[in-house]
Structure formats: structure tokens, C-alpha cells
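Visitor: Output the structure for:
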Amino acid sequence: MAETPDSPLRLRYAAVSDVGRHRKENQDSGYASEHLLVVADGVGGAAYGDVASSTAVHLLRRLDRPDVSEMLPALAGAVHRVHDRLAEMVEQDQELDGTSTTVTAALFDGRRLGFVHVGDSRAYLFRDGAVAQLTTDHTFVQTLIDEGRISEDEARVHPHRNIILRAVDGSSDTDPDLFELDAQPGDRLVLCSDGCSGAVTDAELTELLTGSTVDSAAYSLVQRALDNGTTDNVTVIVAEVVDAGTTDDPDTTAAATTGPMLVGAAVEQPRRGGMLGGGFGVGGLFRRQHDTGELDPVPAEEEPVDPEALRYAPRAPRRRGGLRRLLYVVLPLLLVAGVLAGAYQWSQDQYYVAADGPQVAIYRGVQLDLPWVDLSSVYEAKSLQVDDLRPADQDSLADGIEARSLDHAERIVEELAQAACSAAQKGGSTTGPSEEPAPDPSASPTRKPRSSPSREAGRNQQATNRPDGSRTPEPTRSPTGSPTGSPTATPDPDETTTVTACVENEQP
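Guide: A predicted model of the protein is given here:
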């Protein structure tokens, strides 16, 4: 495993994955080699998180070569290929809809380490006897820590500590964190799933990484997480930066014999035998793919809710893509319908005054013409005639007079009627002008002209209504047999109508 002269350093590595004591299957996957370290934690429970994590690991393994010139672009491109591949798999099999995975990976060129990170798996650096977390969790509790609302210790027991906000899922936009680190001889890297980081403290990490081989450190970290009560799968990769010329002992370093190590759900066949059975031989660290060997796996039991199914916060696992597409269509339509219904309800609380044929009317609604929709209707037709109104009021009525309420609309009609009455009263009497009577043949030449027709009519009316019951005088007739009273002019129809309208509007 010698490096080229341009790469004076190399990685010594070990990888361990365990199903844990509370899970029925392992949804973690891991890969370790001289150039590449990968941990992927499948999310989704029944939605096949193991498929997502193993897909991520197998695609990222294509970067396992010494000639990667641009590490960060290469890592970002690999994560996007995982995203695209998961999308294709969901299209082919709707049972996979809802699956996703975290990805934390490191690529080594002999001098520098390039990292890509999405989700809540972690990468740590152990240098000069101190542990530092390199990645930031994309989780709900991490946002609370960043805001200063809870501490790291409180985050470990927070009821929502497993809710992640970002993962590679084939549907949401993938935005991985990318960064580089200069490597130094003696540096140790730990990549692990949250089954380890959530149960093992930094102090315990420091303890287990000090003075041990990478193999024993990896195994001890998995065992400590189990002993501390983790309820999740546990996957740990420990790598140490060493000089390129360093030789590994096959008895203490399994990778010296096995080469690159693939663990967890990504393994097609379980490894057996080894460390727990005695010695660090081939596959020496693994007794079973999914278990450390300390305890037998928990028998499969029906669980009402798989906590893993609730882990990815942005969306719950979905089993039918057709329902999702239907919701994408129906929800916008329901939103538009709700807005239109609200607008129509508002319009029916509005009133205005306008003409309804020859009459003045109160309308309910708004004056807006829409295809196939009537936004206003006659609420009440009034006896007031449009022709009775002043010309200016008729023009306003043609445009419609807005009212603040129904009572306001009623007052507008009253004001229009009063204005019409005032205009009519200023125009004069309802009868026409007086006319001179024809000369009376029986009158003497010196006799004064008779009274005007309007006065004569008044006297005749008084005679008719005398209270003493005497006979009402008959009008004097002309020689032709017609009455001698002067003719009365025909009243102006418009003036008569206006007065009638005034009378009607003045009635209580």
C-alpha cells in the first residue's frame, strides 16, 4: 500500500457496523480504504433506508482512486449522482418513495482531506490528544444549540434529537457541506452514524482513541455506544494518517489483509469469524455483519410505529407516489377556490345605488364584470324614477354610487329624492300659465275683464264647497253652449311626475 513520492502520507483504517440491540435490520452502510472513507445512514424505516445508504456507498466508491485532482467538486458530484439515482429508483418502484440517507465522506490525496456532509452522521478529528467535531449536524436540535436555547448535553436527551432537516432523498434539493483539511501524521479521523455520536461523549471518544489501534478503537466505540443504551444501528470508521512507508501488522490491522472494507447494509454477504472468536485474522473484527456478537439480535416483533420512519423532518415516508402527485394538483386548486370564495363573500357585503331600468335601485355586490359570474344583483327597487332626478344625479347614477353599507345606500336614495323634490319646487306650480278669456258677448263695453282662469277656478271651487248647502253657481255659458270660463293649460308631464315623486317620498 505504498504511496507515490508526491503523496508522503496514507491512511490506516478500520470499519465496524452493528445492527444494535433494538433494531431488526441494519440501515447503515460504510466503506473505508486508503483514499476514501464513507458513512451513510439510511432514513425512512419501512421505506427501505438500507437501499438508500447502500446506493450512496456504492456510487461514492467510484472515487476510490489516487488521481482525483479536484476533491470537493468530485465529492459534490458524487452526492448529486446519489440523489439522481434515488429519484430513478423511486420512479421504477413506488415502494421506495420516502427513502433517503445521510452521507458523510472524506477523500484523501496523500496531503489533504476533502469532506462532504449531509445529515446527522459525523466526522471527528483526534489531534494532539483532543477531539474536535468537523461536521455540523443538519438537525432540529442543532438549530436549538446554535440559538443558545439548549446545551450539547441537553441535545443528547432531547425528545426530537433524531429529527434531521437535510438528507439525500431523490426529491429535495441536495446542498451538501464541503470543506478541506490539511493532514498531519498521527491524526485520527472518526466517521460514524448517529447511533454512535448520540450515545458516546467527546470524553469517551478521547479515551477510546488514545493509545489503541484503529481496529480496537473502532470496535470499542461501537461497543461503548451499545453499552450506553443506543437504540439505533451503529457504524464507525476509524482512520489514522501515517507515513507512506509504514507497514501494517496483519495481526492487529484487519485491512492489511482484507484491503478496502465494506460494512453494514452495503455488504451482500455477512462476514463471519474473527476477533471475538480469537485473534485479528481475515475479517477478524466481525463475527456477523449486523451484530457485535455480544448479544443475539432482538427477535423480529411488530412495532406500532417505526421511529426511523419519523426521522427525516421535511416529509414523512410516502408509500404511493400517485397520492403525492394528486395532492400537488388538488391543493393549489383548493387554495384558489378558497381565495375566490372569500372574495365573493366579501363582494356580497357591498352595496351601491344605480338604475334598474326606469327606477332607482339598491344593488348588492360590486360593479365588476367577469365571465360567467354575476357579482351584483338588485337588492331593492325603489319607486323613485330616474327621470325625476336632476341631470347631475342621473349621471352619477349611471356610474353607480358606492355605499358603505345597506343603511348608507338607503340614505343615498333619500338624498336623491329630496334633491329631486327641491329642484321641482323651485321650478314653479304644476299648472300652466294663465290665458286671457274670450270676450263675453253679454258684457257692456265698459265692463272690466274677468278674472284669470286660475282665480275663477278658485272661486268655483269655493262655491262648490260652501258649508251652508246653498246651490253652487253654474258657470256662465257662451252662446255656443260652452262655459264662459277661460281654458286651462295642460300641465307639464315632467313637472307633474316630479311633484308626485316628492309626495311619495315625503310620506312616512
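Visitor: Look up the residues forming beta bridges with Val242.
Guide: Arg10 (DSSP bridges).
Visitor: so Gly119 touches Ala105, yeah?
Guide: No - look at Gly119 against Ala105 with CB atoms under 8 Å: they stay out of range, at 11.3 Å. Where C-beta positions appear, they are placed from N, C-alpha and C, glycine not excepted.
Visitor: Mind listing the shared neighbours of these two?
Guide: Among the neighbours of Gly119, none is also in contact with Ala105 (CB atoms under 8 Å, 6 or more residues apart in numbering).
Visitor: So in this protein, where's the weakest helix or strand by average pLDDT?
Guide: helix 275-278 (a mean of 32; mean pLDDT, DSSP states H and E).
Visitor: From the chain's centroid, how far away is whichever helix or strand comes after that helix?
Guide: Per DSSP states H and E, the first helix or strand lying C-terminal to helix 275-278 is helix 321-347. What separates the centre of helix 321-347 from the centre of its chain is 13 Å, taken as CA atoms, centre = their mean, to the nearest Å.
Visitor: State the mean pLDDT of helix 321-347.
Guide: In this model, helix 321-347 carries a mean pLDDT of 81.
Visitor: Identify the bridge partners of the nearest residue to Leu221 once chain neighbours are set aside.
Guide: Nearest residue to Leu221 in three dimensions, chain neighbours excluded: Val236, at 4.7 Å (CB to CB, 6 or more residues apart in numbering). Beta bridges link Val236 to Val16, Cys192, judged by DSSP bridges.
Visitor: ok, Val242 to Gly110 distance?
Guide: As for Val242, its distance to Gly110 is 11 Å (criterion: CB to CB, to the nearest Å).
Visitor: Next, show the common contact partners of the two.
Guide: The contact lists of Val242 and Gly110 share 9-10, where a contact means CB under 8 Å, 6+ apart.
Visitor: What residue spans form the domains of this structure?
Guide: Here the domain assignment for the chain is 9-319, 351-426, based on automatic domain parsing.
Visitor: Tell me the gap between the first one and the middle of its chain.
Guide: Per CA atoms, centre = their mean, the displacement of domain 9-319 from the mean C-alpha position of its chain is 33 Å.
Visitor: what about the residue nearest to Arg156 when sequence neighbours are not counted, neighbour count?
Guide: Setting aside the residues directly before and after it, Arg156 is nearest to Gly198 in space (CB to CB, 6+ apart), at 6.3 Å. Number of residues near Gly198 (other CB atoms under 10 Å) recorded here: 22.
Visitor: Surely Gly198 is in contact with Gly229?
Guide: No - between Gly198 and Gly229 there is no contact under CB under 8 Å: 10.1 Å.
Visitor: one step back: any chance of JSON lines for the domains of the chain, columns distance to Gly338?
Guide: Compiled in JSON lines, those are given as follows (distance: least, CB to CB, whole Å):
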{"stretch": "domain 9-319", "distance to Gly338": "23"}
{"stretch": "domain 351-426", "distance to Gly338": "16"}
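Visitor: most tightly surrounded among those domains?
Guide: Of all the domains of the chain, domain 9-319 carries the top mean neighbour count, a mean of 20, counting by mean count of other CB atoms under 10 Å.
Visitor: pretty sure Thr257 is touching Pro250, no?
Guide: Yes - between Thr257 and Pro250 a contact is recorded at 4.9 Å, counting by CB under 8 Å.
Visitor: Flag the shaky bits of this structure, pLDDT-wise.
Guide: Filtered on pLDDT under 70, the chain yields the residue ranges 1-7, 44-47, 268-322, 370, 372-373, 427-508.
Visitor: the helices in it, which residues?
Guide: Applying DSSP state H to the chain gives helices spanning 49-60, 71-92, 140-146, 152-156, 194-197, 202-209, 214-227, 255-258, 275-278, 321-347, 391-399, 406-426, 453-464, 493-506.
Visitor: List just the one of these that sits closest to Arg23.
Guide: helix 194-197 (8.9 Å; CB to CB).
Visitor: so what secondary structure elements neighbour the closest one?
Guide: helix 214-227, strand 234-243 (3 or more CB pairs under 8 Å, 6 or more residues apart in numbering; DSSP states H and E).
Visitor: For the ones you listed, could you give me TSV that also reports distance to Tyr124?
Guide: Formatted as TSV, the helices and strands packed on helix 194-197 follow (distance: least, CB to CB, whole Å):
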stretch	distance to Tyr124
helix 214-227	10
strand 234-243	10
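Visitor: Ok, which of the ones you listed comes nearest Met89?
Guide: That would be strand 234-243 among the helices and strands packed on helix 194-197, by CB to CB, at 21.8 Å.
Visitor: and the closest one, what other elements does it pack with?
Guide: Looks like strand 234-243 contacts strand 9-18, strand 28-32, strand 36-43, strand 188-192, helix 194-197, helix 214-227 (3+ CB pairs under 8 Å, 6+ apart).
Visitor: mind listing what Asp356 touches?
Guide: Contacts of Asp356 (CB under 8 Å, 6+ apart): 363, 378, 381.
Visitor: how about a cut-off of 6 Å?
Guide: Residues near Asp356 by CB atoms under 6 Å, 6 or more residues apart in numbering: 378, 381.
Visitor: now it, which residues is it bridged with?
Guide: Applying DSSP bridges, one finds that Asp356 bridges with Gln359.
Visitor: Out of the helices and strands packed on helix 194-197, flag the one nearest Met71.
Guide: Per CB to CB, nearest to Met71 of the helices and strands packed on helix 194-197: strand 234-243, 15.5 Å.
Visitor: Contact partners for the residue lying closest to Leu189 once chain neighbours are set aside?
Guide: In space, and not counting its chain neighbours, Leu189 is closest to Ala239: 4.6 Å by CB to CB, 6+ apart. For Ala239, the contact set (CB under 6 Å, 6+ apart) comprises 11, 13, 37, 189.
Visitor: can you do 8 Å?
Guide: 11-14, 32, 37, 106, 188-189, 191, 214.
Visitor: same deal with Leu189?
Guide: Counted by CB under 8 Å, 6+ apart, Leu189 has contacts 37, 106, 113, 123-126, 237-241.
Visitor: Columns distance to Glu88 on top of those, output as CSV?
Guide: CSV is the format used below for the contacts of Leu189 (distance: CB to CB, whole Å):
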residue, distance to Glu88
Leu37, 26
Ala106, 27
Leu113, 31
Ala123, 28
Tyr124, 34
Leu125, 36
Phe126, 39
Ile237, 28
Val238, 34
Ala239, 32
Glu240, 38
Val241, 37
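Visitor: which outside residues touch stretch 362-378?
Guide: Residues lying outside stretch 362-378 but in contact with it, judged by CB under 8 Å, 6+ apart, are 344, 347-348, 350-354, 356, 361, 379-380, 382, 400, 403, 406, 409-410, 413.
Visitor: Ok, stretch 125-144 next?
Guide: So stretch 125-144 is contacted by 104, 115, 117-124, 150, 155, 158, 160-167, 177, 179, 181, 184, 186-190, 202, 205-206, 209-210, 313 (CB under 8 Å, 6+ apart).
Visitor: and what of stretch 207-215?
Guide: Residues contacting stretch 207-215 (CB under 8 Å, 6+ apart): 12-14, 126, 129, 131, 188, 190, 200, 217, 220-221, 224, 238-240, 252-254, 275, 280, 284-285.
Visitor: From the opening residue of that stretch to its closing one, how far?
Guide: Stretch 207-215 has an end-to-end distance of 15 Å (criterion: CA to CA, to the nearest Å).
Visitor: Just list the residues touching the closest residue to Ala74 other than its chain neighbours, thanks.
Guide: When the adjacent residues along the chain are set aside, Ala74 lies closest to Val68, with 5.2 Å between them (CB to CB, 6+ apart). Counting by CB under 8 Å, 6+ apart, Val68 makes contact with 35, 74, 107, 109.
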